[in-house]
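Student: Fold the following, please.
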Amino acid sequence: MWKMDLKGAYTLMDVRPEEAGMFSQELVDGLIFFHLCGVFGWSCTPAAFQVITRAIVWELRHKLRGKAKMYVDDIFGISLRKNLEYDMACTRKTVIDLLGSKSLAADKEEQGTRLDIIGWVIDLDVCRLSIARKNLLKAFYGFFNLDLEAKTNLEEVERIASYSQRYSLVCRVMMPFQACFNRLIAAHWNSHDRFDWTDEAKLAIRMCRGALYLVSADETSYTKPLWSFRPRPQLHHRDGRVTVGGRIHHIRTNRGW
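Tutor: Next up, the predicted model:
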């Protein structure tokens, strides 16, 4: 696997001089600031940058011997060892031809069988998907910093609900505990409200703490195997005993149906 990073991301987009006035920003003392390139914080910037992302992906799809994907300014790909240097050189040329000689962050280029890619760890040696250490530590802090006997608020619940939903992809045992966080959010939608943790939420938080510890302690047993992402064929049977209407699904796994 290999990955590259565009240097400056949104700042690689130039603003046409005749339209610079649309990107002006009023400062104090009557000063006005004009943005001459793409800016962070504007909700439309990702949509505009997506045009560049799609253009690069289209070029790489027709040039590489391996495969590559792109998320905003992060490019990541997979190639046979004999094609690795060719594919990386081809990607560099494609990006530089489009965005200029200083558009790539050379210090962020990586290659190997285990890489951190947009917050996840993909390990080809053990064929597992795990959580990047930086993100894992943030989730650890988010769950272990909670005082379950004190009152909480909507922002705190939404934060741990986000962690729970995201990382249940890796640790499936966390998935059933997501529902209680959603119920808390639905019951206390006022951002200024202070309320107690419910008993089921306390249990869910303790379970998530344990699940995150297991992920950090034993990646080979408590993370997601790569084979589980393969499309699985489904069989559909009609049951004549069902009078209203229903369907029984049989899902094929490595252990059978």
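
Student: contacts and neighbour counts: CA atoms only from here.
Tutor: OK.

Student: Flag every buried residue along stretch 19-36.
Tutor: Residues of stretch 19-36 classed as buried: 35-36 (neighbour count, 16 or more other CA atoms under 10 Å).

Student: From the chain's centroid, how far away is that stretch?
Tutor: 33 Å (CA atoms, centre = their mean, to the nearest Å).

Student: residue ranges for the strands of the stretch 101-250 of the chain, please.
Tutor: Secondary structure of the stretch 101-250 of the chain by DSSP state E, counting those that start in this stretch: the strands cover 110-111, 114-117, 120-123, 128-131, 224-225, 234-237, 248-251.

Student: Only alpha carbons, please: show the second one as PDB.
Tutor: The reference is to strand 114-117. Coordinates of each C-alpha in strand 114-117 appear next as PDB, following Å, rounded to 0.1, in the frame of the first residue of the first chain:
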ATOM      1  CA  ARG A 114       0.600  -1.400   7.400                       C
ATOM      2  CA  LEU A 115      -0.600   2.200   7.000                       C
ATOM      3  CA  ASP A 116      -2.700   4.800   8.800                       C
ATOM      4  CA  ILE A 117      -5.300   5.900   6.200                       C
END
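
Student: packing partners for that strand?
Tutor: Contact analysis of strand 114-117 by 3 or more CA pairs under 8 Å, 6 or more residues apart in numbering; DSSP states H and E lists strand 120-123 as its packing neighbours.

Student: Enumerate residues external to the strand it packs on that contact any of its residues.
Tutor: 113-116, 128-132 (CA atoms under 8 Å, 6 or more residues apart in numbering).

Student: And the strands of the stretch 101-250 of the chain, which one averages the lowest pLDDT?
Tutor: With a mean of 56, strand 234-237 has the lowest mean pLDDT of the strands of the stretch 101-250 of the chain.

Student: Residue ranges in the stretch 1-150 of the chain under the pLDDT threshold?
Tutor: Under the criterion pLDDT under 70, no range of the stretch 1-150 of the chain is flagged.

Student: go with 80
Tutor: 41-42 (pLDDT under 80).

Student: Quick one: the helices in it, in order.
Tutor: With helices called from DSSP state H, counting those that start in this stretch, the stretch 1-150 of the chain shows them at 45-63, 84-99, 133-144.

Student: Can you lay out these as JSON lines showing distance to Ser216 and mean neighbour count?
Tutor: Supplementary listing: the helices of the stretch 1-150 of the chain in JSON lines, determined by distance: least, CA to CA, whole Å; neighbours: other CA atoms under 10 Å:
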{"stretch": "helix 45-63", "distance to Ser216": "33", "mean neighbour count": "15"}
{"stretch": "helix 84-99", "distance to Ser216": "30", "mean neighbour count": "17"}
{"stretch": "helix 133-144", "distance to Ser216": "8", "mean neighbour count": "15"}
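
Student: So which of those helices is nearest Leu154?
Tutor: helix 133-144 (14.0 Å; CA to CA).

Student: As TSV, the helices of the stretch 1-150 of the chain with distance to Val157 would be great.
Tutor: Shown next, in TSV, are these (distance: least, CA to CA, whole Å):
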stretch	distance to Val157
helix 45-63	27
helix 84-99	41
helix 133-144	10
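
Student: Among those, which comes closest to Lys7?
Tutor: Each of the helices of the stretch 1-150 of the chain was scored for nearness to Lys7 using CA to CA, and the closest is helix 84-99 (10.1 Å).

Student: relative to helix 45-63, how tilted is that closest one?
Tutor: Interaxial angle of helix 84-99 relative to helix 45-63 (axes from the mean of the first three to the mean of the last three CA atoms, to 10 degrees): 130 degrees.

Student: I'd assumed His35 was in contact with Ala20.
Tutor: Yes: using CA atoms under 8 Å, Ala20 makes contact with His35 at a distance of 6.8 Å.
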